[in-house]
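Undergrad: Sequence and predicted structure are below.
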Amino acid sequence: MDLQRLFLSLIFFFSIFLLWDAWERQQHPPVAQASAQPPVAASGVAAASAPAATAEGAKPGTAAAQLPSATEAAKSGKKIQVKTDILAAEINTVGGTLQRLELVKHRAVEGDKPFVLLQKRDEHTYVARSGLLGDGLPKHNTEFASSDDKVELAEGKDTVQVRLTAASDAGVKVVKVYTFHRGSYVIDVGYEIENGGATPISPSAYYELVRDSSNPPGDSKFVPTYTGPAVYTEQGKYQKISFSDIEKKEKENTDKNAPVYLPQANNGWIAMEQHYFVSAWVPKAGAQREFFTRQVDGNLFSAGVRLALPAIEPGKSASTSMTLYAGPAQSSLDSIAPELGRTVDYGVFTVIAKPLFMGLAYIHGWVQNWGVAIIILTILIKLVFFPLSAASYRSMARMRVVAPKLEKIKQQYGDDRERLHKAMMELYKTEKINPMGGCLPMVIQIPVFISLYWAILTSVELRHAPFFAWITDLSSPDQYYVLPLIMGASMLLQSKLNPAPADPLQARIMQIMPVVFSVVFFFFPAGLVLYSVVNNVLSIAQQWVITRGAEKDKEKTKA
């Protein structure tokens, strides 16, 4: 195999790998193994008036543990508006459901309006809801009462609360409490339960994220990313559960209203992911929990967690709370919960991509421009791999020098493949050329370049990040196609520096490839194209210097 064919093959397989990796991540994510009816021990709940006796946790098969029907007709309640320095939320008094959440610091795909993560509309549903399980206890479809209409985080205050009250016929009073924090995408969602009845109660709490399976606005079909639930436990590690897998499990389930429970644990979280953003329920550390998924209705899917609370005696009260994170997906989320930063999905090369992005972020801290940071990081990577690239280009340069001799050999032996191969090997030996010499250096670099590719693609920091002039968003395609055209031109120039293919078909493919890649890059985020352009320009410069040196050495030898 000559180096021209090797180079062509590496480019082809590199492109195929990127497309395959993206498609595989979108269509066939790892699936968490479900269990039918795992028992759940009592979780940690803070007693308000006196220590409560711990009751055996209700099992999923019992009436107390059954989640309420997901197909009930929606009720209309009062909407409570909440505003902090970085969030604008809307809570419905029906169930106390968080049905709209705007991220003030992040813009929508188009225009200057804030990005809306959670919302409930006819064409799109994505909400965070919760409830209590037990006779007469409020669920996500129970009407709550609240005196609040608008709540705003006051100057000098770090938190603001929304309190919603529900009472049951059994004398149990429940207050659902939302706590919003200044400068944070963390929302605490809790319950204060007062047993005014005559008998003990043993409630369970469930928290779920309900979303349709539609892709988020602006999601590219050419650069697909994962949208759907994900769960993490120390035992099962990080796993995705696609909407199609939930639907499949639902069809296998004889009880269509029953959720599919995942193995229980005393750690971990469950999330709903999409490109750049994530929402996640995070129970307190050490609290026993079980995660579940279910198909709510048609195209609606749910991913949530259930916790069994200790028994509450008559005249006693208790409280419990859960952390909801709803905001940008960032590696720093590990500070909220172990491995929550995994929701920034770098793919199979996470171990390489994560340090690369950390380096990119460090450089950005100095230059304050993500485009310039990409250029500098690409240059540093090229410097690290300079010896390997040089070895590859030297092999190509030698092949280019002996190309006329190879052409004569091919003309001499024609279709006699055995004699042709033998003559070529003798020429390589005489000229001290290893035809595979450029293979290993290029193969070693591929994982690094793929990792940087995914680091740029999945980082919310590059969303709406300007570079210069017409490039105002590195996460969106170049609207004037300047970078893709430069990319195509650089590929065409690079092909001129490579040994000329003797095969007419192969030569034709090499001429077409720059055009094909230019068209493909029309749809790629500008940050990815910028990285590819810089990498190509540096490769051309390095290859040109080495090729010129090899040609001069050959001329001196002849002289």
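TA: Everything's here; your move. Numbering: from 1, shown residues only.
Undergrad: Leu87 reaches Val104, doesn't it?
TA: Yes. Shown here, Leu87 and Val104 form a contact pair, counting by CB atoms under 8 Å, at 6.5 Å. (C-beta placed from N, C-alpha, C; glycine too.)
Undergrad: higher neighbour count, the two?
TA: Leu87 (24 against 13; other CB atoms under 10 Å).
Undergrad: Can you pull the phi/psi pair for that one?
TA: Per-residue torsions, Leu87: phi -130, psi 150 (degrees, to the nearest 10).
Undergrad: Spit out the contact partners of it.
TA: Each residue near Leu87 by CB atoms under 8 Å, 6 or more residues apart in numbering is listed here: 101-104, 180, 185, 187.
Undergrad: Then Phe357?
TA: Applying CB under 8 Å, 6+ apart to Phe357 gives the contacts 331, 346, 455, 459.
Undergrad: So which of the residues you listed belong to helices?
TA: Among the contacts of Phe357, the residues falling in helices (DSSP state H) are Ala455.
Undergrad: so can I have a markdown table of the contacts of Phe357 showing pLDDT and neighbour count?
TA: As requested, the contacts of Phe357 are arranged in a markdown table below (pLDDT from 0 to 100; neighbours: other CB atoms under 10 Å):
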| residue | pLDDT | neighbour count |
| --- | --- | --- |
| Ser331 | 87 | 17 |
| Tyr346 | 86 | 22 |
| Ala455 | 88 | 29 |
| Ser459 | 92 | 25 |
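Undergrad: Buried subset of the contacts of Leu87, written for ChimeraX?
TA: For anyone working in ChimeraX, the buried entries among the contacts of Leu87, judged by 16 or more other CB atoms under 10 Å, can be selected with:
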select :101,102,103,180,185,187
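Undergrad: And the furthest pair within the contacts of Leu87?
TA: Val104 and Ile187 (14.3 Å; CB to CB).
Undergrad: any idea which helix or strand of the chain has the worst average confidence?
TA: For the chain, using mean pLDDT, DSSP states H and E, the weakest element among its helices and strands is strand 46-47, scoring a mean of 38.
Undergrad: In stretch 450-468, which residues are buried?
TA: Applying a neighbour-count criterion of 16+ other CB under 10 Å, the buried positions in stretch 450-468 are 450-465, 467.
Undergrad: quick revisit: between the contacts of Leu87, which is nearest Lys408?
TA: Within the contacts of Leu87, proximity to Lys408 (CB to CB) peaks at Leu103, which comes in at 66.6 Å.
Undergrad: Does the closest one touch Pro328 like I think?
TA: Yes. Because the distance of 7.3 Å satisfies CB under 8 Å, Leu103 is recorded as touching Pro328.
Undergrad: Mind listing the shared neighbours of those two?
TA: Contact criterion CB under 8 Å, 6+ apart; residues bridging Leu103 and Pro328 by contacting each: 185, 277.
Undergrad: how about the strands in the stretch 301-450 of the chain?
TA: Taking DSSP state E, counting those that start in this stretch as the test, the strands found in the stretch 301-450 of the chain are 317-328.
Undergrad: Ignore what I typed, I meant the stretch 151-300 of the chain.
TA: Secondary structure of the stretch 151-300 of the chain, counting by DSSP E, counting those that start in this stretch: strands at 159-167, 172-181, 186-195, 204-212, 228-233, 237-240, 260-261, 269-274, 277-282, 290-297, 300-308.
Undergrad: right, so of the ones you listed, which gets closest to Glu407?
TA: Of all the strands of the stretch 151-300 of the chain, it is strand 237-240 that lies closest to Glu407, at 52.2 Å by CB to CB.
Undergrad: Okay, domains of the chain per the record?
TA: The chain resolves into domains spanning 3-19+353-558, 31-64+77-218+239-329 when parsed by automatic domain parsing.
Undergrad: Now do the same contact list for Pro217.
TA: 108-109.
Undergrad: ok, it to Ser279 distance?
TA: Separation of Pro217 from Ser279 (CB to CB, to the nearest Å): 16 Å.
Undergrad: again with Gln81
TA: Counting by CB to CB, the gap between Gln81 and Ser279 amounts to 19 Å.
Undergrad: the more surrounded of the two?
TA: Of the pair Gln81 and Ser279, Ser279 is the one with more neighbours under other CB under 10 Å, namely 27 against 15.
Undergrad: List the contacts of the more buried one.
TA: Remark: with contacts taken as CB under 8 Å, 6+ apart, Ser279 is in contact with 117-118, 128, 209, 271-272, 324-327.
Undergrad: Just the buried residues out of those residues, in PyMOL syntax.
TA: Here is the PyMOL command that selects the buried residues among these (16+ other CB under 10 Å):
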select buried, resi 117+118+128+209+271+272+324+325+326+327
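Undergrad: Closest to Arg294 out of the contacts of Ser279?
TA: So of the contacts of Ser279, ranked by how close each gets to Arg294 (CB to CB), first place is Leu209, at 11.5 Å.
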